[in-house]
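In: quick one: sequence plus predicted model below, questions after.
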Amino acid sequence: MSSQQATPQRTSPMALFNDRTKSYINVCAPMVRYSKLPFRELIRNYKVDLAYTPMILAKEFKNSGVARDSDFTTNRSDTSLIIQFASNDGVELLRAVEFVVGYVDGIDINCGCPQKWAINEGIGVHLMENPETVRDMIRTIKGGGLNIPISIKIRIHNDLRKTVDFTKRAESIGLDFIAIHGRTRRQKSTSPVNIPAIKLCKESLNIPIIANGDIFSLTDAEKLYESTKCDGVMSARGLLKNPALFAGFESTPWECIRKFVELSLNYGTNHFIFHHHLMYMFEDVMSNAERKTFNTLTSIPAIVDHLEEHYGLDL
């Protein structure tokens, strides 16, 4: 966390939701490995209003300075920013949050990660069956005197009455907003998003709702807003493929790729993340043969040289 820079000139997500000049806000989802500082800085140039960090384990973050330095980096321009924690213990979560007050604009509790390891740890989507645990964590943060917005990111239940009850319970103890991924814990990303479920939650609650799922273009975002009237629209896979989608670009503009390479070099992004980001961005450009060649590049300098030689990259 040594590279963080706290600043009083931050943008509260609540101010974004209250901005009457916008029908809805554009949101970058928390993405494991990918929604880190260089990518967040990139997408803010393309009309992203609110961005989430990747999911961070609150227990490890609280206990380890090494974890804090590796998991969370920010700067003065990285706002509005939500840090997402995974936890099932209110006190543990509060101790983790205390490290980032002043550096973020909100706290999110992950209630939607469907991976087996997370379920086995009693975090992520496991919490969807434990509303009292979620309420306890919200209550603990709200009672901690930190004065910071708190949200949860959830999936839906098969029985939507449970989802409405879950969200209303969280709202009743002071939750500030909710992001809703319109799939159940067992549905794959290829399953259609349940738009009526998100709309039902929006109509049942009095706090801002962010709708998440299947946003790959500005048209998709506008349609989801029109169908749900939610306060924000969140993209994950769509932004990985095209970081400029909210700015109306149908595919990743070359300047966006060039800027990402520049930011990655400046921030020392590791080879694995750098390589995979570019593979997403070039998904519709590279042939199968080109992908095979690209996958043999084992260092960032080799990738940069390849982009210079074959795509005219000019830094």
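Out: Nice, thanks for sending it over.

In: now the nearest residue to Phe260 once chain neighbours are set aside: which helix or strand?
Out: Excluding the flanking residues, the one nearest Phe260 by C-beta to C-beta, 6 or more residues apart in numbering is Leu42, at 5.1 Å. For every residue, glycine as well, the C-beta is placed using N, CA and C. For Leu42, the element it lies in under DSSP states H and E is helix 37-43.

In: show me where the stretch 101-250 of the chain has helices.
Out: 116-120, 131-142, 160-172, 195-204, 218-228, 237-241 (DSSP state H, counting those that start in this stretch).

In: where does the stretch 1-150 of the chain dip in pLDDT?
Out: In the predicted model of the stretch 1-150 of the chain, residues 1-8 satisfy pLDDT under 70.

In: who's in contact with whichever strand in the chain runs longest?
Out: Longest strand in the chain by number of residues (criterion: DSSP state E): strand 50-57. Outside strand 50-57, the residues that touch it by C-beta atoms under 8 Å, 6 or more residues apart in numbering are 13, 16, 25-36, 40, 43-44, 67, 71-72, 78, 80-87, 96, 104, 108, 110, 113, 123-124, 153, 232.

In: reformat the helices of the stretch 101-250 of the chain as a markdown table; add mean neighbour count.
Out: What follows is the helices of the stretch 101-250 of the chain, written out as a markdown table (neighbours: other C-beta atoms under 10 Å):
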| stretch | mean neighbour count |
| --- | --- |
| helix 116-120 | 12 |
| helix 131-142 | 19 |
| helix 160-172 | 17 |
| helix 195-204 | 18 |
| helix 218-228 | 17 |
| helix 237-241 | 21 |
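
In: any chance of those in JSON lines, with distance to Asp305 too?
Out: Listed next are the helices of the stretch 101-250 of the chain as JSON lines, based on distance: least, C-beta to C-beta, whole Å:
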{"stretch": "helix 116-120", "distance to Asp305": "37"}
{"stretch": "helix 131-142", "distance to Asp305": "48"}
{"stretch": "helix 160-172", "distance to Asp305": "50"}
{"stretch": "helix 195-204", "distance to Asp305": "45"}
{"stretch": "helix 218-228", "distance to Asp305": "34"}
{"stretch": "helix 237-241", "distance to Asp305": "24"}
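
In: relative to Lys259, which of those helices is closest?
Out: helix 237-241 (14.3 Å; C-beta to C-beta).

In: in terms of secondary structure, what does the closest one contact?
Out: helix 271-281 (3 or more C-beta pairs under 8 Å, 6 or more residues apart in numbering; DSSP states H and E).

In: just the C-alpha atoms of the very next helix or strand once past the helix it packs on, please, in PDB.
Out: Moving toward the C-terminus from helix 271-281, the next helix or strand (DSSP H and E) is helix 288-294. C-alpha atoms of helix 288-294 as PDB (Å, rounded to 0.1, in the frame of the first residue of the first chain):
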ATOM      1  CA  ASN A 288      -5.900 -18.400 -34.700                       C
ATOM      2  CA  ALA A 289      -2.400 -18.400 -36.100                       C
ATOM      3  CA  GLU A 290      -1.600 -15.000 -34.700                       C
ATOM      4  CA  ARG A 291      -3.000 -16.100 -31.300                       C
ATOM      5  CA  LYS A 292      -0.700 -19.100 -31.300                       C
ATOM      6  CA  THR A 293       2.300 -16.900 -32.000                       C
ATOM      7  CA  PHE A 294       1.200 -14.300 -29.400                       C
END
